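>>> kindly generate the corresponding structure for this input.
(chains A and B)
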There are 2 protein chains.
Amino acid sequence: MPSLAELIEAGDVDALHDWLGETGVLETSEELARLDPDDKGLAFRLLPRDRALEVFELLDPPDQQQVLEGLRADRVRHIVESMDPDDRARLLDEMPAMVAHRLIGQLSPHERALTNVLLGYPPESAGRVMSPEFVSLRADMTVEEALAKVRQAGRAAETIYALAVTDGHRRLVGVVSLKKLVLEDTHTVVGDLMATDVHSVRVTDDQEYAARLIQEADLLALPVVDGDDRIVGVFTFDDAMEVLEREQTEDIARQSATTPLGRPYMSASAFGLARARATWLLVLIVAAGLTVQVLQHFEVELATVVTLALFIPLLSGTGGNSGSQAAVAVIRAMAVGEVRFPDLPRVIWREARVGLMLGLMLGAASLIPVGLFFGSDMATVVGLTLVAICTWATLAGSMLPLLAQRFGVDPTVVSAPLITTLVDATGLIIYFLIARAVLDLTA
Amino acid sequence: MPSLAELIEAGDVDALHDWLGETGVLETSEELARLDPDDKGLAFRLLPRDRALEVFELLDPPDQQQVLEGLRADRVRHIVESMDPDDRARLLDEMPAMVAHRLIGQLSPHERALTNVLLGYPPESAGRVMSPEFVSLRADMTVEEALAKVRQAGRAAETIYALAVTDGHRRLVGVVSLKKLVLEDTHTVVGDLMATDVHSVRVTDDQEYAARLIQEADLLALPVVDGDDRIVGVFTFDDAMEVLEREQTEDIARQSATTPLGRPYMSASAFGLARARATWLLVLIVAAGLTVQVLQHFEVELATVVTLALFIPLLSGTGGNSGSQAAVAVIRAMAVGEVRFPDLPRVIWREARVGLMLGLMLGAASLIPVGLFFGSDMATVVGLTLVAICTWATLAGSMLPLLAQRFGVDPTVVSAPLITTLVDATGLIIYFLIARAVLDLTA
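Got it, this is the predicted structure:
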């Protein structure tokens, strides 16, 4: 079966109609996202009306924006009006302020109010992605009354599976699941069923924190409260999964020394990609200037024993590799909440042993081949350097993320390229000092 | 407030009791996971009975195992018996076969049967983590009858929010949400409410595939069917989040050239960490042997112009950095389903331009400093090499993951260290060829 992109290129409108009529919403949205920007609106216009909105909701905001750019104004208004308030806020966030402002003006008063509430919270806060439409119950309601309230107010709510229980001042006092309401006797009082030891987040808390809480505690939804503990919205598991995926994409980008793109790879331009990578490449090449200086310092040794130059990439490469292995392991452990700054001494003790073991292994493995081709002196130099570099790089790689966090820097900026570059210069110093001693060179 | 680890070290049982009595289950489980293996059972024994099981369920299987090792046999049996079948299967999977076998033998017949079913499916399959306890409805039931069925069978089920609808042969024909059943009129027929265009997975399908489907399609639960389309279980969103987190940890490990640990960082031994990193370090150092050979080939040039050696780490480092930036971006885009093999030509075209832009930028930036300290000839060599290396490394980094997948290799093994090592040797060849031409050296 041809892909959507191929059908559009072929310009076969009938086949295109068939494809869009037959393919499920999830696959359609995925194929749509992979089209060139101009083709997105085109393909979307050919979608059957009843499925168009579903497909639209599954797209990422930058793709949604590209679809809207290809549609007539009234269609745009209809789609934006039909979106969930939190999804709409995310889309409007991505748009040029002018366009977003005009769109908000066209919404019905109710939807406009909801949207403005969400957009009033700080970027990246839980408030931005929560759903302001939820059902709240009172502790003194019976299950029967509670179910009646759910039936009456539930249609607009994003979830009715986790229900907030509030007091007379809209303050959160507990949470009860719809499962309990359905399974329990209808005369039971909500107050007896609800959990009171509940997790909640402030509306200004970080989205990632809220999303991780949902994940760790296996929640369907998390109540979001204001400064006075009054409930203002709920944060649902599907929003949490989206937030986590976005954060992971950002972390992964940072760990390869790239500024996060903030949009899908394919919807970014080549210039946008280059810009995201340029800053770090420049920073790293300036830092790498240090290696030039180190080598210049040892130029006499290099001129005397040219063989020393041959092992520079191998040694600094191995240092970089073992350093980034350690850094990545520690950063991940920090991200999932397993390692924190007070664990630094334990981490150092573990990684020092790991680095030494790896260094001894590599050093031993190198002795015979290097000895055969370059003599026993070079084998000694390379072997000892590998032990020292591995231990040092592993230690540095594991400590830097923890130290970064301690000083308020996001540990994910301690990227493999950064470690590699930092370890390069120090590794070279180790190498030439060992070479001087073993080969009996005098500067 | 002191941490759990500090209290245990101080041996203050009263303070320990207070801490465990006051702290929420989520935080308790997190602190417990960070304890030394021997202390885990100790702290767990002091937990109030009513919260112990909840805390236990929030732990990862390797941590759960360490807790159990510190408990009496009857307590172990009680805890394992009380677990959800899918969580239990995961725990038993982690245990030594002997221990697992003995534990299974002690379960009640019903729980044993459920567990054996799950353990009968292949590792990493959806069957291993699905819940075999679910509620299924018939299309000809009214909402009232359906709710009665939910009330009767729902207590044991892991979720009642997404309900499977089956025909007379247990074949899946649709899915209906509890939300619909609660909100709709009680006389409506389930067949009119259910969605028939439903996602489902085979019991032998990969867990990650199932988890991604749940995430992409915003599902609460996904029906799992056997080869004859008969429903055998449901895969819930919380299992999906766990599978995705585990897969991400594995992917991240692979991308730093580390064999996935399969257990939390802190619960692995130093030797275990070293073993996970050793294989790739050895592979990479053997590959780096190529750089020694390349440099040996250009030994005459190196001996003639020692200055050439000074730029080796800077140039190969920059190649490695730009190559891993590209590789990581493409691997992530592939992981979220945005880029596939047929996109290779588009990816090449984008990344070729990105690499050229970055190379031109770095080349231009290097001209003045290199020119000032090493003369215009070296500046020309370094500048031209940066343009060539960046373009080549970016192209190689973006193509390799796609080619790997094409040949059935997991694209995440195309790690930053692997790219760096591969680009090193080719980068050196480029460097010395340019140097030969510009500096007019003859070998």
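>>> against chain B, how distant is A:Ala113?
Going from A:Ala113 to chain B by Cβ to the nearest Cβ, to the nearest Å gives 24 Å. Just so you know, the C-beta spots here come from the backbone N, C-alpha and C atoms, and that holds for glycine as well.
>>> now swap in A:Ser324 and tell me
According to Cβ to the nearest Cβ, A:Ser324 and chain B sit 5 Å apart.
>>> domain assignment for chain A?
Following automatic domain parsing, one gets these domains for chain A: A:4-122, A:136-245, A:269-439.
>>> winner for burial among those?
domain A:269-439 (a mean of 21; mean count of other Cβ atoms under 10 Å in any protein chain shown).
>>> which of the three states applies to A:Val234?
strand (DSSP: H, G, I helix; E, B strand; the rest coil).
>>> in the sheet, who's paired with it?
A:Ser131, A:Pro223 (DSSP bridges).
>>> list the residues that contact it.
Shown in contact with A:Val234 (Cβ atoms under 8 Å, 6 or more residues apart in numbering or on different chains): A:130-131, A:134, A:158-159, A:162, A:164, A:221-224.
>>> report all helices and strands that the longest helix anywhere in chain A contacts.
As assigned by DSSP state H, the longest helix anywhere in chain A is helix A:344-406. Applying 3 or more Cβ pairs under 8 Å, 6 or more residues apart in numbering or on different chains; DSSP states H and E, one finds that helix A:344-406 contacts helix A:307-310, helix A:312-335, helix A:416-439, helix B:270-297.
>>> from B:Arg254, how far out is the closest residue to A:Leu358 other than its chain neighbours?
Nearest residue to A:Leu358, sequence neighbours excluded (Cβ to Cβ, 6 or more residues apart in numbering or on different chains): A:Cys390, at 4.8 Å. Counting by Cβ to Cβ, to the nearest Å, the gap from A:Cys390 to B:Arg254 is 20 Å.
>>> ok, A:Asp87 next?
According to Cβ to Cβ, A:Asp87 and B:Arg254 sit 33 Å apart.
>>> picking that back up, for B:Gly41, find the nearest of the helices and strands packed on helix A:344-406.
Across the helices and strands packed on helix A:344-406, B:Gly41 has its closest neighbour in helix B:270-297 (20.3 Å, Cβ to Cβ).
>>> quick one: that closest one near chain A?
Yes. Counting by Cβ under 8 Å from any Cβ of the partner chain, chain A has neighbours in helix B:270-297: B:270-271, B:273-274, B:277-278, B:280-282, B:284-285, B:288-289, B:291-292, B:295-296.
>>> wait, A:Leu107 touches A:His101, no?
No. Counting by Cβ atoms under 8 Å, A:Leu107 does not reach A:His101; the two are 11.3 Å apart.
>>> you'd agree the residue nearest to A:Leu358 is up against A:Ser322?
Yes. Between A:Cys390 and A:Ser322 there is a contact under Cβ under 8 Å: 4.8 Å.
>>> now do the shared contacts for the two.
With Cβ under 8 Å, 6+ apart, A:Cys390 and A:Ser322 have common neighbours A:355, A:358-359, B:281.
>>> tell me the contacts of the nearest residue to A:Ala326 once chain neighbours are set aside?
Closest residue to A:Ala326 apart from its sequence neighbours, by Cβ to Cβ, 6+ apart: A:Gly397 at 3.5 Å. Contacts for A:Gly397 (Cβ under 8 Å, 6+ apart) come out as A:322-327, A:330, A:351, A:414, A:419, A:423.
>>> next one: A:Met399
If you count contacts by Cβ under 8 Å, 6+ apart, then A:Met399 has A:344, A:347-348, A:351 around it.
>>> between those, which is nearest chain B?
Of all the contacts of A:Met399, A:Glu351 has the smallest distance to chain B: 7.8 Å, by Cβ to the nearest Cβ.
>>> thought the closest one was touching A:Thr394?
Yes. Using Cβ under 8 Å, A:Glu351 is in contact with A:Thr394, at 5.1 Å.
>>> which residues are in contact with each of these two?
Joint contacts of A:Glu351 and A:Thr394 (Cβ under 8 Å, 6+ apart) are A:Ala326.
>>> the helix or strand harbouring A:Arg128 near chain B anywhere?
When elements are assigned from DSSP states H and E, A:Arg128 belongs to helix A:126-129. No. Against chain B, helix A:126-129 shows no contacts by Cβ under 8 Å from any Cβ, the least distance being 13.5 Å.
>>> now that helix - C-alpha only, PDB.
Extracted in PDB, the C-alpha atoms of helix A:126-129 (Å, rounded to 0.1, in the frame of the first residue of the first chain):
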ATOM      1  CA  ALA A 126       1.000  22.200  35.800                       C
ATOM      2  CA  GLY A 127      -1.700  24.900  35.300                       C
ATOM      3  CA  ARG A 128      -0.900  25.100  31.600                       C
ATOM      4  CA  VAL A 129      -1.800  21.500  30.900                       C
END
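>>> strand partners (parallel or antiparallel) of the helix or strand just after that helix?
Next in sequence after helix A:126-129, counting helices and strands by DSSP H and E, comes strand A:136-138. Note on strand A:136-138: by DSSP bridges, its sheet partners are strand A:162-166 (parallel).
>>> the partner strand: how far from the chain's middle?
Taking Cα atoms, centre = their mean, to the nearest Å, one finds strand A:162-166 lying 30 Å from the centre of the chain it belongs to.
>>> residues touching it, excluding its own?
Contact with strand A:162-166 is made by A:134-139, A:146, A:150, A:172-178, A:181, A:190-191, A:194, A:219-221, A:223, A:230-231, A:234, as judged by Cβ under 8 Å, 6+ apart.
>>> for stretch A:282-299, same thing?
A:257, A:302, A:312, A:316, A:417-418, A:421-422, A:424-425, A:428-429, A:432, A:443, B:306, B:309-314, B:317-318, B:321, B:361-362, B:365-366, B:369.
>>> excluding chain neighbours, what is closest to A:Leu384?
Spatial nearest neighbour of A:Leu384, excluding adjacent residues (Cβ to Cβ, 6+ apart): A:Ile434 at 5.1 Å.
>>> now do A:Met95
In space, A:Met95 is closest to A:Gln65, 5.9 Å off (Cβ to Cβ, 6+ apart).
>>> would you agree the one you found is in contact with A:Arg90?
No. Counting by Cβ under 8 Å, A:Arg90 is not a contact partner of A:Gln65; they are 10.7 Å apart.
>>> and which of the shared contacts of A:Cys390 and A:Ser322 is nearest A:Ala5?
A:Ala5 lies nearest to B:Leu281 out of the shared contacts of A:Cys390 and A:Ser322, by Cβ to Cβ, at 41.3 Å.
>>> so who does that closest one touch?
B:Leu281 is in contact with A:318, A:321-322, A:325, A:358, A:361-362, A:390, B:257, counting by Cβ under 8 Å, 6+ apart.
>>> could you measure from A:Glu208 over to chain B?
Here A:Glu208 is placed at a distance of 13 Å from chain B (Cβ to the nearest Cβ).
>>> about what we covered before: what is the nearest of the contacts of A:Val234 to chain B?
Taking Cβ to the nearest Cβ as the measure, chain B lies nearest A:Thr159 of these, at 8.1 Å.
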